[in-house]
Structure formats: structure tokens, C-alpha cells
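Participant: Mind folding the following:
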Amino acid sequence: MWAGHPPATLCVALRAGVRCPAVKIILGGYGTNSPDLASLVPHDAACHGEGIRWLREYFGEDPDVPIRHPVMHGVVRKHVYGYRSVSNDSAVMFPGLGCRNACFFCATSAKFGGRYIPFLPTGKSVFDFCRAAETELGVREFAVIDENFLGEPERARGLLRELEQHGKSYHFWIFASANAIRQVGVDFLVRLGVCAVWVGVATREEVFGKLRGVDVRGLIRELQSKGISVISSSILFMEHHDREALRDDVEWAVDMDTDLHQFMQLTPLPGTPLHDRYRSENKLIGGFPYTHMSGQNALAFHHPHFRSEEARELTLRAFRRKYEVGGPGIVNMAQTAISGYERVSQDVEARQAQGLGWNPDTLQYDRRNGPVEDPYLRQRIALLRQRALEFRPILWSAWLFSPNRRARQKCLRLMERYRQVFGRPLARDRLKAGLLCVTATGEFARHLLARAAGREGLLRQPPSRRLEYEGPAGNRREVCQS
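Facilitator: Numbering: from 1, shown residues only. I've put the predicted structure just below:
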């Protein structure tokens, strides 16, 4: 924060070592958990915990004024096989902060003291945000940034009630724990409009309560069969991992055959119980830079079976193994999408014939007297069809640039399945597919050049964005940098 000096003058003054007594430097975010924060960054105050309330109290404002969630596009645009979407058809939503699961390595749980702090506390507040985003931005797809959105089941139930009452259907990308998904059921997620869910599976060793008693593999299959893509995440270099156990865990994760999978390294981030324990046991590598604690590079601690510098290559091998066995993630998502369209279409017809209707109290379909129409689910089926067809033009490029014969055969089988379900592709789909093959060829050439230069690949990063506030009135000027 600053006061009394324009940003340009302030920057010059700071670089020149000029004292600016009117300027207050306030720090926030996960970095404030660093035990050596005072020696790292000169500052006047640091926000620990939830920032909106903290700032209101700092400036003497009423901390209990209702929070107004801004309506805004997501920062990520669709970029596939060299093609970058010119439009942004999704919005980002932050229903709340924190997580009650309190995993020992989790910086989010540590940051907020194992609590959950809701910004959108009810199903109606979430629905009202969705309606506002649809009106202002024209979007119907939402990236829900919440550690465990289904951890508040009453809010999710309330959202579905609002959706059904108003006849609205949206797509949601959510994070959820396996036990929270089991609590509400997969059929509930289908009705809610969840098209993708990120599930942490960690390790085949049962060390996390959120996985205890859950058939994770069976849950994944059910989600995919009903059109919900699964992005799973596991942790490498845990304490029980020797070289054999690490290989077995990688194979276990790959064998789950989720749409996408993330391998992360165990990382003792400041503020977490893991960091505190490793520090007391002298396991932390001294002077390890915080900027390298990405979970994808060297290990920040002394592991009994692995050297710190070999972790990056072993992590890359795990990703390559997933790609070689499972094929392109976009193909897996297409397969899930068409499976969901077929399965849900068949289910709605079968339930109507059997007289089964949705019970919002039990979150199940139960028997009624006579056939039961379900117009809301038929509306969802229309969106499932649209989503499945969006993937179709991608399959040609996926086949052309698949990593091996197994992946190419998977693409061919999926192309045939699309023909059986939807008929021959339309002319516009063929045109899109041809254009994607052209852009994919250019993207492939860029990857080859990157490898020749010694890099694994090309990261797609959005341009950085800086906001400058000038003068007491706080006039804003936006500066974009690549």
C-alpha cells in the first residue's frame, strides 16, 4: 500500500534509497507464513488469515459489511493444439477460503487455521453470482476456486434447488474430496452441472482421513461414466517412498486412468505442520529458495532415499508415464463427455419408464406412482451433448500427434464411437479439425525447438497485470506486461 506519492515517484525513491515515511508496505498471501519474513521483506504490517476483514480493520472500516463478489472472467483461455480461443467463455468464482480437512502438508489449511471462511455462504448466493455472470459476461461455465466445494453440502443442495426452480443449467469445474463426493452422490453432481472435479488421491497408502473407507477407483469410474471428468492428484517423495514404493505409487496413479493427473512433490511449505516438524528434525535444506518451492523441482528437504536434485527428473518421468499409458488428456475428456451423454440419456429414459423421480431430501431417485418426467435433467442432457460435440474436431490432431500406437488406436475407436452416436461430422467440424491440424503442427515444431534448447516444453503463461493507483483519489491505471 502507498499514500502521498505517485507510483513512479515511489519506485524511483525506493530504488534511490530515499525514505518515504508516508508509505506503508503491507504484505499478504501465503508468503506471510514464512518464519523469516521480517528479514526477507521490509514491511509495516502483514496480513495473516482472511484479507478482506483484515484490511477493513486495518483501515478502521466496519469488518462485518457484506462482501460483494466481483464478476470476472477466468484468467485462463482455452489453448489446445496450438489454437488459442479468442473469447473467454468462463467465469471464476471464489465461494470461500480454507479447508477443514487440515492435511499436514496443506498451506491453505494452515493459512486459515483449519477453518473454512465462506464468501458465498448459501446456495442462493452462489446462484445469484452465476446469474450475474451470465448477464454481464454471457458465460455459463464456472471455475469454482474452493479447496472442497462439497465440504458445505447444504450450500450445494441449495444451489441445485435454485437451479431447478429457475430452470437454469450451468457447467462447474470444482475441487472436492472423495468422501465429500460420496456424501452427496454422483447423480447429485450430474444434476448440479459438475463437468469436471479435481480429487486429491495422494498415495495408495491410506494416510488421509478424506480417503478412508472410499473406493476411489470405483468412484472415479462412476464419475467418468456419467460425464464428469476427473483430474486426480498424487504426492511423490512421501516419507514411506523408497524407489520401489515410488514406482508402485506412480503405476497405481496411472492405472486409475483418470482424464488428467497431477504429480506433486511433497513440499514442506512454511506454516504447515510438515514444515514445523521437518524444521524441528533438521530435515530442511538450509537456504533453499522459496521461489523454487513449486512441487516440481528439487526437494526442499533431506529425503532418506532420494537426492534433492534428482526429484525433478523423476517427477517428469511420472508425467511421461501417464501420457504414454493414458494418451492425451483431451482425448480422455472427450471419451468421458460422450460416455456421460450416452449414459445420462439412457438413465433418464429408464427412470421415466420405471417411475423413478429425484428426491431432493435423500439425493436419490426413488419410486413414484406411474411414469415420471424429468425436464430439468433433459436440459442437462442437452448441455452434455453440446460439451461432447465440442471435443470432436480435436480428435484428428490428437490422433496425428499421439505419443504411441496405443494412443492412436484409442483416438480411432473414439472417432468411430462419435460416428455411431452423432453420425458423420458436419462440414464445419471437418474444417475446424483441419485447421487444428495446421496449428498443432506449428505447436509441435515449437516443442521440438524447446527440447533442442534443453527445455522440456513451452509453458503457456498469461501476461502479468499491474494496477497502479495515483493520488489520494486512487485513480487506477492498468499496465500489462508479458
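
Participant: give me phi/psi at the residue lying closest to residue 354 once chain neighbours are set aside?
Facilitator: Once flanking residues are discounted, residue 354 sits nearest to residue 367: 7.4 Å by CB to CB, 6 or more residues apart in numbering. In this view, the C-beta of every residue, glycine as well, is placed from N, C-alpha and C. Note on residue 367: backbone dihedrals following degrees, to the nearest 10 are phi -80, psi 140.

Participant: Tell me what residue 367 is bridged to.
Facilitator: Beta bridges link residue 367 to residue 356, judged by DSSP bridges.

Participant: separation between it and residue 344?
Facilitator: 20 Å (CB to CB, to the nearest Å).

Participant: again, but for residue 443
Facilitator: With CB to CB as the criterion, residue 443 and residue 344 are 33 Å apart.

Participant: For those two, work out which one has more neighbours and name it.
Facilitator: residue 344 (22 against 19; other CB atoms under 10 Å).

Participant: Where does the more buried one fall, secondary structure wise?
Facilitator: Secondary structure from DSSP states H and E places residue 344 in helix 329-354.

Participant: Which of the residues in that helix are classified as buried?
Facilitator: 329-345, 347-348, 351-352 (16 or more other CB atoms under 10 Å).

Participant: Could you do stretch 290-299 as well?
Facilitator: 293, 295-299.

Participant: Equivalent analysis for stretch 44-58, please.
Facilitator: Buried, per 16+ other CB under 10 Å, within stretch 44-58: 46-47, 50, 53-55.

Participant: In CSV, could you pull the C-alpha coordinates for it?
Facilitator: Only the C-alpha atoms of stretch 44-58 are listed here, as CSV (Å, rounded to 0.1, in the frame of the first residue of the first chain):
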residue,chain,number,x,y,z
ASP,A,44,4.9,-2.3,8.2
ALA,A,45,2.3,-5.0,8.6
ALA,A,46,1.4,-8.5,7.5
CYS,A,47,-2.0,-10.0,6.9
HIS,A,48,-2.4,-13.4,8.5
GLY,A,49,-5.6,-15.1,7.6
GLU,A,50,-8.5,-13.7,5.5
GLY,A,51,-7.5,-10.5,3.9
ILE,A,52,-10.8,-8.6,3.3
ARG,A,53,-11.7,-8.4,7.0
TRP,A,54,-8.1,-7.8,8.0
LEU,A,55,-7.8,-4.8,5.6
ARG,A,56,-11.1,-3.3,6.8
GLU,A,57,-10.0,-3.5,10.4
TYR,A,58,-6.6,-2.0,9.5
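
Participant: gap between that stretch and the chain center?
Facilitator: Here the centre of stretch 44-58 is set off from its chain's centre by 26 Å, with CA atoms, centre = their mean, to the nearest Å.

Participant: just checking, residue 173 is part of a helix?
Facilitator: No. Residue 173 sits outside any helix when classified using DSSP: H, G, I helix; E, B strand; the rest coil, being strand.

Participant: ok, now which ones touch it?
Facilitator: For residue 173, the contacting residues are 141-144, 194-198, by CB atoms under 8 Å, 6 or more residues apart in numbering.

Participant: so how far is residue 71 from residue 156?
Facilitator: 21 Å.

Participant: Looking at those two, which is more packed in?
Facilitator: residue 156 (26 against 17).

Participant: can you list contacts of the helix or strand that residue 223 is a member of?
Facilitator: Element membership for residue 223, per DSSP H and E: helix 216-225. Helix 216-225 is touched from outside by 178, 181-182, 186, 189, 197, 199, 201, 229-230, 232, 256-259, 335-336, 339-340, 343, with contacts defined as CB under 8 Å, 6+ apart.

Participant: redo that, cut-off 10 Å
Facilitator: 178-179, 181-182, 185-187, 189-190, 194, 196-197, 199, 201-202, 204, 211, 215, 228-230, 232, 252, 255-259, 332-333, 335-337, 339-340, 342-344 (CB atoms under 10 Å, 6 or more residues apart in numbering).

Participant: Dump the buried residues of stretch 290-299 into TSV; add secondary structure and pLDDT as well.
Facilitator: Output for the buried residues of stretch 290-299, formatted as TSV (DSSP: H, G, I helix; E, B strand; the rest coil; pLDDT from 0 to 100):
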residue	secondary structure	pLDDT
293	coil	90
295	coil	91
296	coil	91
297	coil	90
298	coil	95
299	coil	96
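
Participant: quick check, nearest of those to residue 96?
Facilitator: residue 295 (23.5 Å; CB to CB).

Participant: wait, what's in contact with the closest one?
Facilitator: 105, 235-237, 262-267, 269, 311, 315 are the contacts of residue 295 under CB under 10 Å, 6+ apart.

Participant: if we can go back for a sec, format the buried residues of stretch 44-58 as CSV; extra columns: secondary structure, distance to residue 137 and pLDDT.
Facilitator: What follows is the buried residues of stretch 44-58, written out as CSV (DSSP: H, G, I helix; E, B strand; the rest coil; distance: CB to CB, whole Å; pLDDT from 0 to 100):
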residue, secondary structure, distance to residue 137, pLDDT
46, strand, 34, 93
47, coil, 29, 92
50, coil, 26, 91
53, helix, 27, 93
54, helix, 29, 93
55, helix, 26, 93
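
Participant: Can you name the two of these that sit furthest apart?
Facilitator: Most distant of the buried residues of stretch 44-58, by CB to CB, are 46 and 53, 14.8 Å apart.

Participant: Surely residue 401 touches residue 323?
Facilitator: No. At 11.4 Å, residue 401 does not count as touching residue 323 under the criterion of CB atoms under 10 Å.

Participant: overlap in contacts of the two?
Facilitator: Joint contacts of residue 401 and residue 323 (CB under 10 Å, 6+ apart) are residue 407.

Participant: Go through stretch 160-174 and flag the buried ones.
Facilitator: 160, 162-164, 168-174.

Participant: distance between the ends of it?
Facilitator: 15 Å (CA to CA, to the nearest Å).

Participant: Same question for stretch 270-283.
Facilitator: Start-to-end, stretch 270-283 (CA to CA) is 13 Å.

Participant: any idea how far residue 308 is from residue 285?
Facilitator: The value you get for residue 285 to residue 308, if CB to CB is used, is 6 Å.

Participant: joint contacts of these two?
Facilitator: With CB under 10 Å, 6+ apart, residue 285 and residue 308 have common neighbours 298-302.

Participant: So what's the residue count around residue 85?
Facilitator: 11.

Participant: Now do the same for it: its pLDDT.
Facilitator: pLDDT recorded at residue 85 is 76.

Participant: Grab the nearest non-local neighbour of it.
Facilitator: residue 78 (4.1 Å).

Participant: okay but that neighbour is in contact with residue 391, surely?
Facilitator: No. With contact defined as CB under 10 Å, residue 78 does not reach residue 391; the gap is 11.5 Å.

Participant: any chance you could map the helices in the stretch 301-450 of the chain?
Facilitator: 311-326, 329-354, 375-391, 394-400, 405-422, 427-452 (DSSP state H, counting those that start in this stretch).

Participant: Quick one: these as CSV, columns for mean pLDDT too.
Facilitator: Listed next are these as CSV, based on pLDDT from 0 to 100:
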stretch, mean pLDDT
helix 311-326, 95
helix 329-354, 96
helix 375-391, 94
helix 394-400, 96
helix 405-422, 97
helix 427-452, 91
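
Participant: Would you mind finding the most buried of those?
Facilitator: helix 394-400 (a mean of 22; mean count of other CB atoms under 10 Å).

Participant: Off-centre distance for that helix?
Facilitator: The answer for helix 394-400 is 25 Å, by CA atoms, centre = their mean.
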